[in-house]
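Q: here's my sequence, what's the structure:
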Amino acid sequence: MEILLHTIALEPARWTPERVSQPLLHLLPHIAASGFKRLEIYEPHLQNDADWPEIATALAKLDIRAVILSSYLNLRPAVTSDEDLERQTGRLKSCLDAFGFSKVRIFPGAEHNEEGIRVFKTRLRHLSGQIPDVEILLETHDGSLADDPALLVRIVEELALPNVGLLYQPTFFEARRSIEQFHLQKPFIRHLHLQGRRPDFSVVALKDGLFPWSQVVPELDAKVNATLEFVSSGICPVERFDLAASLKEARAEVDYVRKIEAGAISARSAD
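A: Below is the predicted model of the structure:
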């Protein structure tokens with residue numbers, strides 16, 4: 001399994017109006033020095049189009065590949081008009097091209113009624129046609145259509161678009177329901193967001209969270225990769241953020257997943 005680092009893990013301002021406290025150009029050398037060579041990039045880190053050429057050059061020099069754009073393109077008509085959607089899709093395409101992203105993360109946001117779902121499917125189908133060579137990953141984030149796991153599966157099945165699949169993360173802050181969700185959605189999962197969460201919404205180490213990654217990772221198809229989305233040390237006020245500590249924790253989390261994979265290989269060999 002290839003494990004990407006999500007740049008949102010290194011952004012303590014993610015939930016503030018500013019959303020970004022430090023430029024991606026500052027983060028990249030530290031990311032490279034920590035051994036991460038594949039990234040999922042938090043879209044606000046690319047908010048200034050004028051910075052794109054310099055960021056792309058830095059990525060190339062550091063031998064870092066931008067794999068997934070974690071986009072906030074909103075497909076809900078109540079939020080994004082048809083005109084705005086075309087404009088935002090144009091910018092999205094430019095960003096994908098500028099950095100060579102092969103995948104884009106999209107929230108499956110829609111009004112949870114027949115008309116809302118119809119519009120969502122229509123817009124998603126159109127987006128798929130606009131970027132046919134880019135994989136669209138619908139994140140199973142709570143507060144979206146993902147709150148109904150079977151519905152999201154049905155939408156993906158009905159659309160049957162070759163470049164659309166699921167980016168799994170536990171939708172529910174309850175182990176049993178999240179495991180049931182995983183098994184239902186497993187055939188459609190193309191990527192994972194690794195995160196350690198507790199029922200109180202706090203972020204902890206993967207091994208301490210409510211979701212049993214040690215059971216799930218060995219079940220995945222070999223083609224499914226993952227992104228380390230959050231680390232507990234990064235959930236703090238901006239003034240207390242420690243970049244070195246967060247990157248050190250990120251490396252430890254990757255080591256934890258590697259041990260799970262090694263254990264699974266050993267168990268299969270023993271059989």
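Q: could you check the pLDDT of S81?
A: For S81, the pLDDT comes out at 93.
Q: the longest helix seen in the chain - what's its average pLDDT?
A: Using DSSP state H to define each element, the chain has its longest helix at helix 243-270. Here helix 243-270 scores 89 as its mean pLDDT.
Q: elements contacting that helix?
A: strand 3-6, helix 24-33, helix 213-216, strand 225-228 (3 or more Cβ pairs under 8 Å, 6 or more residues apart in numbering; DSSP states H and E). The C-beta positions use only the backbone N, C-alpha and C, and glycine is treated the same way.
Q: orientation of that helix relative to helix 24-33 in degrees?
A: Counting by axes from the mean of the first three to the mean of the last three Cα atoms, to 10 degrees, helix 243-270 lies at 40 degrees to helix 24-33.
Q: what comes up buried for helix 243-270?
A: L243, S246, L247, E249, A250, E253, V254, Y256, V257, I260 (16 or more other Cβ atoms under 10 Å).
Q: and these, which two are furthest apart?
A: L243 and I260 (26.5 Å; Cβ to Cβ).
Q: just give me how far the longest helix of the chain sits from the chain centre.
A: 19 Å (Cα atoms, centre = their mean, to the nearest Å).
Q: got it, and stretch 184-202?
A: So, by Cα atoms, centre = their mean, the centroid of stretch 184-202 is 10 Å from its chain's centroid.
Q: so which bits of that stretch are buried?
A: Quick answer for stretch 184-202 (16+ other Cβ under 10 Å): Q185, K186, F188, I189, R190, H191, L192, H193, L194, Q195, G196, R197.
Q: could you measure from the fifth one over to F230?
A: Same thing as R190. 20 Å (Cβ to Cβ, to the nearest Å).
Q: swap in the first one?
A: For Q185, the distance to F230 (Cβ to Cβ) stands at 21 Å.
Q: helices of the protein, start to end?
A: 24-33, 52-61, 82-99, 114-130, 149-159, 175-185, 213-216, 243-270.
Q: CSV for these, including distance to T140?
A: Below are the helices of the chain laid out as CSV (distance: least, Cβ to Cβ, whole Å):
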stretch, distance to T140
helix 24-33, 26
helix 52-61, 28
helix 82-99, 21
helix 114-130, 15
helix 149-159, 7
helix 175-185, 7
helix 213-216, 13
helix 243-270, 19
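Q: so where's the protein uncertain?
A: Within the chain, the ranges that satisfy pLDDT under 70 run 265, 268-271.
Q: returning to what we had before: in the buried residues of stretch 184-202, find the pair that's most separated.
A: F188 and G196 (23.5 Å).
Q: spatially nearest residue to S128 (excluding sequence neighbours)?
A: What sits nearest to S128 in space, not counting adjacent residues and going by Cβ to Cβ, 6 or more residues apart in numbering, is L161, at 4.6 Å.
Q: these two touch, right, the one you found and L127?
A: No. Between L161 and L127 there is no contact under Cβ atoms under 8 Å: 9.5 Å.
Q: okay, and the common contacts of those two?
A: I136 (Cβ atoms under 8 Å, 6 or more residues apart in numbering).
Q: neighbours around the nearest residue to E135 once chain neighbours are set aside, how many?
A: Among residues not flanking E135 along the chain, K103 sits closest, at 4.3 Å (Cβ to Cβ, 6+ apart). Burial of K103 is recorded as 23 neighbouring residues (other Cβ atoms under 10 Å).
Q: much appreciated, bye for now.
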